[in-house]
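Enquirer: Fold the following.
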Amino acid sequence: MKQDAVWISKVEAGSFALKPNLPLSGLTFAIKDNIDLAGLPTTAACPTYAYSPEKNATVVERLINAGAIPAGKTNMDQFATGLVGTRSPYGACSCVFDERYISGGSSSGSAVAVASRQVDFALGTDTAGSGRVPAAFNNLVGMKPTRGLLSTSGVVPACRSLDCVTILARTCGEAAKVFEIAQGFDLSDPYSRIANPGQGAAPWAASPFRFGVPADHQLEFFGDDEAAALYRKAVADLQSLGGRKIEIDYGLFRAAADLLYSGPWLAERLAAIGPFLENHAADMNPVVRDIIAGARRFSAVDAFLAEYKLRELRRATEPEWRRIDVLVLPTAGTIYTHEAVSADPVRLNTNLGYYTNFVNLLDLAAVAVPAGFRPNGVPFGISIVGPAFTDRGLLALAGRYMREPAAGTAPGCIAVAVLGAHLTGQPLNGQLTERGARLLKTCRTAPGYRFYALEGAIPKPGLIREEGFAGPGVEVEIWAVPEDRFGSFVAAVPPPLGIGNAVLDTGETVKCFICEPYAIANAREITEFGGWRKYLESRR
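Expert: All right, here's what the predicted structure looks like:
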């Protein structure tokens, strides 16, 4: 499909040499034109605002150093103000599947460049949904990371305290690969941060999981029954993967979302370009100009009151997060034609943020993924939302949903093989569950292990590896334990047991209970699969 409005400027052929043997060697990428690339102007889709950066944005520099090749700067809603992709003097991008429909914004050109296969991946930004909505409208993965994990140094601010650089890709695996290169602490960015051990623990990423959905009366599809049907199908698909659906009070999240454009966070946009607005108002898109200029009505008192309200809402959502691992929402309730947006630009843009505006305010991470097509061929997408720093877990779960090859790991966790009293339903299993651990699978160790029952008030399992022994392996359960809670779990292990390494029948090496050899002198050996439970029955 013809796409004339994707690029604002392009890199000259040969400007970047191929760097072999690097993680991203040969991959091409597009850069939203509010992110600096040395050698090309940064316009933020406003020609009068344009400047020539002397160096790359930090995130761009990291990608280039990893072998990725920038192709150019992409179109966007001016000053990243919009979810429609039509607020630009460089033209309006369209959905790659039907040019009558909008591409979504503000990262419009970046999404279309990837969806039309002009580049391998792209960078966008996302303050209120600007990376996720165009991903949904173009059948892409849109990763909106935790605030601060990707540096915003060298990015024209929209709402500086909320802005995120986002990744647009065709698969979760591609997005994850780029994320690992692009992320990292940046001293030049005062909002940059890194996770503490365990903050990103996602034991649910490779196990049964609990996902929250709004109550039916809180869902809004703006008359788009086909989108509603696709959302219901996505929910059913997640249930088939082992997900347990839990209704949550979405009203709390909506209340937070309302603060973004009806509250004083709008004044951050004025703080970003205030002098330019004063001197060049006539050079701005009228809709963007009026939105940003409207921030003049807010006072410092308004800002503090809104911050207090947001803190209250964050606290109010905490019980919901104790009930669920992730939140699963439509990325956008519907999609609009260019004609419809032209006739009602503000209200329809607001509708598109119904499921996205709260995420950065509540310090959450999100991954938008494709979720099917309407009968007319236009795509629909869902977003999987999680607590801050669960980015890798969200990508892993999203990959499961998209049936991509699974890594089988739980990010931020340590895989532990347990047996005996720590098995599901056994007396010490609570030492795992109270630490948020999740069961990944039941399997066997590799051959060569002997299993003994050590007598006591609570019998202990003794595992010994014996050179030359050709036994069939021992039944174990593999649990994902959050790494920040692993130390307290180990501290509770009594002698003669300890924690060491064990090899599974798959060839994997995991942490496991081991036993000091002296303790098995008078212990009973258990040889059959499932034999621990039979042993316990024999003691009754």
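
Enquirer: any chance you could map the helices in the stretch 151-300 of the chain?
Expert: 172-182, 225-240, 250-262, 266-280, 286-293, 300-323 (DSSP state H, counting those that start in this stretch).

Enquirer: mean confidence score for the third one?
Expert: It stands for helix 250-262. Computed over helix 250-262, the mean pLDDT rounds to 93.

Enquirer: go on, the fifth one?
Expert: For helix 286-293, the per-residue pLDDT values average out at 95.

Enquirer: Also the first one?
Expert: The pLDDT scores in helix 172-182 average 97.

Enquirer: from the middle of its chain, how far away would it be?
Expert: The chain centre lies 11 Å from the centre of helix 172-182; the measure is Cα atoms, centre = their mean, to the nearest Å.

Enquirer: Who are the packing partners of that helix?
Expert: Contacts defined by 3 or more Cβ pairs under 8 Å, 6 or more residues apart in numbering; DSSP states H and E place helix 172-182 against helix 58-65, strand 121-125, strand 141-144, strand 165-169, strand 364-373, helix 391-401. Backbone N, C-alpha and C define where each C-beta goes, glycine included.

Enquirer: what angle do the first one and strand 165-169 make?
Expert: The reference is to helix 58-65. Here helix 58-65 runs at an angle of 40 degrees relative to strand 165-169 (axes from the mean of the first three to the mean of the last three Cα atoms, to 10 degrees).

Enquirer: so Glu528 makes contact with Lys534?
Expert: Yes. Assessed by Cβ atoms under 8 Å, Glu528 is found in contact with Lys534 at 7.2 Å.

Enquirer: what do the two both touch?
Expert: With contacts taken as Cβ atoms under 8 Å, 6 or more residues apart in numbering, Glu528 and Lys534 have no neighbour in common.

Enquirer: pLDDT below threshold where in the protein?
Expert: Counting by pLDDT under 70, the chain contains low-confidence residues at 1-3, 407-408, 529-530, 539-540.

Enquirer: OK, contacts around Ala272?
Expert: Per Cβ under 8 Å, 6+ apart, neighbours of Ala272: 79, 156-160.

Enquirer: try Thr409
Expert: Per Cβ under 8 Å, 6+ apart, neighbours of Thr409: 205-206, 396, 415.

Enquirer: Now rank the residues you listed by neighbours and give me the top one.
Expert: Highest neighbour count within the contacts of Thr409: Ala205, with 31 neighbours (other Cβ atoms under 10 Å).

Enquirer: what about that residue, distance to Gly393?
Expert: Taking Cβ to Cβ, to the nearest Å as the measure, Ala205 and Gly393 are separated by 4 Å.

Enquirer: who touches both of those two?
Expert: Joint contacts of Ala205 and Gly393 (Cβ under 8 Å, 6+ apart) are 410-411.

Enquirer: still on that earlier bit, deepest in the core, which of the helices of the stretch 151-300 of the chain is it.
Expert: helix 172-182 (a mean of 21; mean count of other Cβ atoms under 10 Å).

Enquirer: May I have that one exported as CSV, CA atoms only?
Expert: Extracted in CSV, the C-alpha atoms of helix 172-182 (Å, rounded to 0.1, in the frame of the first residue of the first chain):
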residue,chain,number,x,y,z
CYS,A,172,7.8,-10.2,20.9
GLY,A,173,11.1,-11.9,20.4
GLU,A,174,12.4,-9.0,18.2
ALA,A,175,11.1,-6.4,20.7
ALA,A,176,12.9,-8.2,23.6
LYS,A,177,16.1,-8.4,21.7
VAL,A,178,16.1,-4.6,21.0
PHE,A,179,15.0,-3.9,24.6
GLU,A,180,18.0,-5.7,26.1
ILE,A,181,20.3,-3.5,24.0
ALA,A,182,18.5,-0.2,24.4
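
Enquirer: who's in contact with that helix?
Expert: By Cβ under 8 Å, 6+ apart, the residues outside helix 172-182 that reach it are 23-24, 29, 59, 62-63, 66, 68, 120-121, 141, 143, 145, 150, 165, 167-169, 367, 369, 391-392, 395-396, 398-399, 402, 404-405.

Enquirer: just so I know, which of the helices of the stretch 151-300 of the chain lies nearest Asp484?
Expert: helix 300-323 (17.1 Å; Cβ to Cβ).

Enquirer: name the helices or strands packed onto whatever helix or strand comes next after that closest one?
Expert: Beyond helix 300-323 in the direction of the C-terminus, DSSP states H and E gives the next helix or strand as strand 326-330. If you count contacts as 3+ Cβ pairs under 8 Å, 6+ apart, strand 326-330 packs onto strand 209-214, helix 225-240, strand 379-387.

Enquirer: Can you list the strands that strand 326-330 pairs with?
Expert: Here strand 326-330 is paired, per DSSP bridges, with strand 209-214 (parallel), strand 379-387 (antiparallel).

Enquirer: who does whichever helix or strand comes after that strand touch, helix- and strand-wise?
Expert: Counting by DSSP H and E, the element after strand 326-330 in chain order, helix or strand, is helix 338-343. Secondary-structure packing of helix 338-343 (3+ Cβ pairs under 8 Å, 6+ apart): strand 98-102, helix 345-352.

Enquirer: buried sites along the last one?
Expert: This means helix 345-352. 345, 348-352 (16 or more other Cβ atoms under 10 Å).

Enquirer: How about exporting stretch 284-302 as CSV, limited to the C-alpha atoms?
Expert: Taking C-alpha atoms only, stretch 284-302 is exported to CSV below (Å, rounded to 0.1, in the frame of the first residue of the first chain):
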residue,chain,number,x,y,z
MET,A,284,1.7,24.9,15.0
ASN,A,285,-1.1,22.5,14.2
PRO,A,286,-4.2,24.2,15.5
VAL,A,287,-5.5,21.2,17.5
VAL,A,288,-2.1,20.7,19.1
ARG,A,289,-1.7,24.4,19.8
ASP,A,290,-5.1,24.7,21.5
ILE,A,291,-4.5,21.6,23.7
ILE,A,292,-1.1,22.8,24.9
ALA,A,293,-2.2,26.4,25.3
GLY,A,294,-5.1,25.2,27.5
ALA,A,295,-2.6,24.3,30.2
ARG,A,296,-2.3,27.9,31.2
ARG,A,297,-5.4,27.5,33.3
PHE,A,298,-3.7,25.3,35.8
SER,A,299,-1.9,26.6,38.9
ALA,A,300,0.8,25.1,41.2
VAL,A,301,-2.0,24.4,43.7
ASP,A,302,-3.8,22.4,41.0
